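Undergrad: need coordinates for the below:
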Amino acid sequence: MGTALIIGDIQVGIVDRFTNSEKLLVRLASAIEAARAAGVPVIFVRSAFRAGGPEISRRNKAFGAMIGSPGVAGGENDPAREIHPSVAPRPDEVVVTKRRTSAFSGGDLDIVLRALDVDHLVIAGLATSGVVLSTVRQAADLDFRLTVLSDGCQDFDEEVHDILVGRLFPRQGDVVTVEDWVASL
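TA: Residues are numbered from 1 along each chain as shown. Next up, the predicted model:
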């Protein structure tokens, strides 16, 4: 059994909405390079919908508000949906397209993880209260061992980030800095 590094929603259109994301991108690039050097698979997860968003329900408060927006109208090939170039995947690395908040929802992440015989996920991404929280909770229910990179994620609300990495995530797995995780490889 092995480990995989999950990089969630580090997409051009999402990163651009965060202030001070430059340091986060540098830390993530460091984690990605260290994982590659150690032979740990890096799996990139992105949010995207088909053109027009036929998979978006108006009943979904978060996603329903996006119906008709330019980000949905452009579909999966919208440049805003691409992984940010500072952490771009290599051609041989897996990119999972998801349709909801969790990295497991609407994509094939579970199939990829089973094929790679992964039982330990190291999770980072934007936002802490979005893809990171949803993925941690679902992965815990799926019995994965978990590590969250505390400074490998960021949230619009710093207090929410601090509560999640300080109080909630430690109940599901280990919480470490990028630097400490890289040193452990």
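Undergrad: tell me the bridge partners for the spatially closest residue to I7 that is not a sequence neighbour.
TA: Using CB to CB, 6 or more residues apart in numbering and skipping the chain neighbours, the partner closest in space to I7 is F44 (5.0 Å). Yep, even glycine has a C-beta here, placed from its N, CA and C like the rest. Assessed by DSSP bridges, F44 has beta-bridge partners I7, V95.
Undergrad: in terms of pLDDT, where does F44 sit?
TA: Listed pLDDT for F44 reads 98.
Undergrad: so what's it up against?
TA: 7, 10, 83, 87, 89, 93-96 (CB atoms under 8 Å, 6 or more residues apart in numbering).
Undergrad: any idea how far D92 is from it?
TA: Distance, F44 to D92, using CB to CB, to the nearest Å: 12 Å.
Undergrad: sorry, back to before: most neighbours out of the contacts of F44, which is it?
TA: The most neighbours of any of the contacts of F44, using other CB atoms under 10 Å, belong to I7, which has 29 neighbours.
Undergrad: which residues touch it?
TA: 28, 32, 42-45, 83, 87, 124-125.
Undergrad: need the contact partners of the helix or strand encompassing A183.
TA: Counting by DSSP states H and E, the element that carries A183 is helix 178-184. Contacts to helix 178-184, defined as CB under 8 Å, 6+ apart, come from residues 27-28, 30-31, 34, 122, 124, 147, 149, 151-152, 176.
Undergrad: F18 should be in a helix, yeah?
TA: No - read with DSSP: H, G, I helix; E, B strand; the rest coil, F18 is coil and lies in no helix.
Undergrad: ok, which stretches of this structure are helices?
TA: 12-15, 22-38, 61-64, 70-73, 109-115, 133-141, 158-163, 178-184 (DSSP state H).
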